[in-house]
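[1] sequence plus predicted model, see below.
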Amino acid sequence: MPTEIKSEIHLGDCLEILATYPDNFFDLIVTSPPYADNRANSYGGINPDNYVAWFLPRAQQMSRVLKSTGTFILNIKEKVVNGERHTYVIELIEELRKQGWLWTEEFLWHKKNCYPGKWPNRFRDAWERCLQFNKTKNFNMYQEAVMVPMGDWAKTRLKNLSDTDKTRDNSKVGSGFGKNVSNWLDRKMAYPTNVLHLATETGNRQHSAVFPKALPIWFIKLFTQKDDWVLDPFCGVGTTCEVAQSLYRHSVGIEIKPEYYELSKANLNVPVNYPLFEDHNQYGKNHTE
Ligand SMILES: C[S@@+](CC[C@H](N)C(=O)[O-])C[C@H]1O[C@@H](n2cnc3c(N)ncnc32)[C@H](O)[C@@H]1O
């Protein structure tokens, strides 16, 4: 008998709603909070100078409800203020570490299809951070779930191996890491990089800053198993919960704006009509190491 998948959407401030959940409940938090002041007209911005102070009590609740084996993925990007990048993301990372989080990894979401644009002193943003935080170093990670086809890259890069490539080549910087490239000869699948090449989804998604579905899918597959619990405390139209449901994970979404809350609830029952297992990372095309 398959387990019934539970999906809960709450209307309100995640600070208050999370207080109603028990300690150590969730396996994964994937979220994109409102960016500093960016979209003040559509869902209320936080002044960049106040961003860290606003976020920290919410992060404290997230830490409490996350299991010790769980992972927190924070999609965020610093905006430009007075001609320079504001430092609130860097300050937030430092303050989250003081709060007890480990900053374990940083994934880079490359927005493959961003529009062309022209600014006097910079180019268009085509990437965002997906910061990974954990409570301990012993977090669950299911790397095989996100393996990608080796691709044409292997045919050229692995064709003429040097002698060092055929033995274990220990890191020159003494990190303890090493590689034996010849181990990958004849393999069909490889582990992806920490760069996610995903198109933004702008058409008909009812919110100005939705996740492409492939983004939460990738993290849910990497950090959870069926029947695990996924949280998105700033859920917008509920993309994270929608894909969690389709991957047989239980989920909780929290949204402060009634119109997005209603859309989240409606989206939870839509049929699955997108590919769940496409080659998100395109390892073979873009890997250059
Ligand atoms: C960047 S959007 C998230 C979009 C979402 N990833 C999706 O795919 O639809 C951030 C959302 O957080 C909501 N929000 C802002 N402050 C909140 C709070 N304190 N608690 C819960 N939701 C909040 C906003 O209304 C907005 O819809």
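    Looks like it arrived, so ask away. All values reported here derive from a predicted model rather than from experimental measurement. Numbering: from 1, shown residues only.
[2] where do the strands sit along the protein?
    Along the chain, the stretches classed as strands by DSSP state E are 7-11, 26-31, 66-76, 80-81, 84-85, 102-111, 127-134, 148-149, 169-170, 178-179, 189-190, 195-198, 229-232, 250-255.
[3] ok, the fifth one: who's next to it in the sheet?
    So that's strand 84-85. strand 80-81 (antiparallel) (DSSP bridges).
[4] which residues does the partner strand contact?
    For strand 80-81, contacts defined as C-beta atoms under 8 Å, 6 or more residues apart in numbering pick out 48, 86, 122. No exception for glycine: its C-beta is placed from N, CA and C like everyone else's.
[5] give me the neighbour count for the nearest residue to the first one once chain neighbours are set aside.
    This points to Pro48. Counting by C-beta to C-beta, 6 or more residues apart in numbering, Pro48 lies nearest to Ala36, which is 3.9 Å off, once chain neighbours are set aside. The number of residues packed near Ala36 is 26, by other C-beta atoms under 10 Å.
[6] where in the stretch 151-289 of the chain is pLDDT low?
    Applying pLDDT under 70 to the stretch 151-289 of the chain picks out residues 153-155, 157-159, 166, 168-169, 171, 175-178, 202-205, 270-289.
[7] in it, which spans are helices?
    For the stretch 151-289 of the chain, applying DSSP state H, counting those that start in this stretch gives helices covering 153-157, 163-166, 214-223, 239-246, 258-267, 283-286.
[8] quick one: Val195 and Lys111, what's the gap?
    Distance of Val195 to Lys111, computed by C-beta to C-beta, to the nearest Å: 12 Å.
[9] same question but for Thr136, I mixed them up
    32 Å.
[10] about what we covered before: any chance of the strands of the chain in TSV with distance to Ile220 as columns?
    Listed next are the strands of the chain as TSV, based on distance: least, C-beta to C-beta, whole Å:
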stretch	distance to Ile220
strand 7-11	13
strand 26-31	6
strand 66-76	10
strand 80-81	32
strand 84-85	30
strand 102-111	14
strand 127-134	13
strand 148-149	16
strand 169-170	34
strand 178-179	28
strand 189-190	19
strand 195-198	13
strand 229-232	6
strand 250-255	9
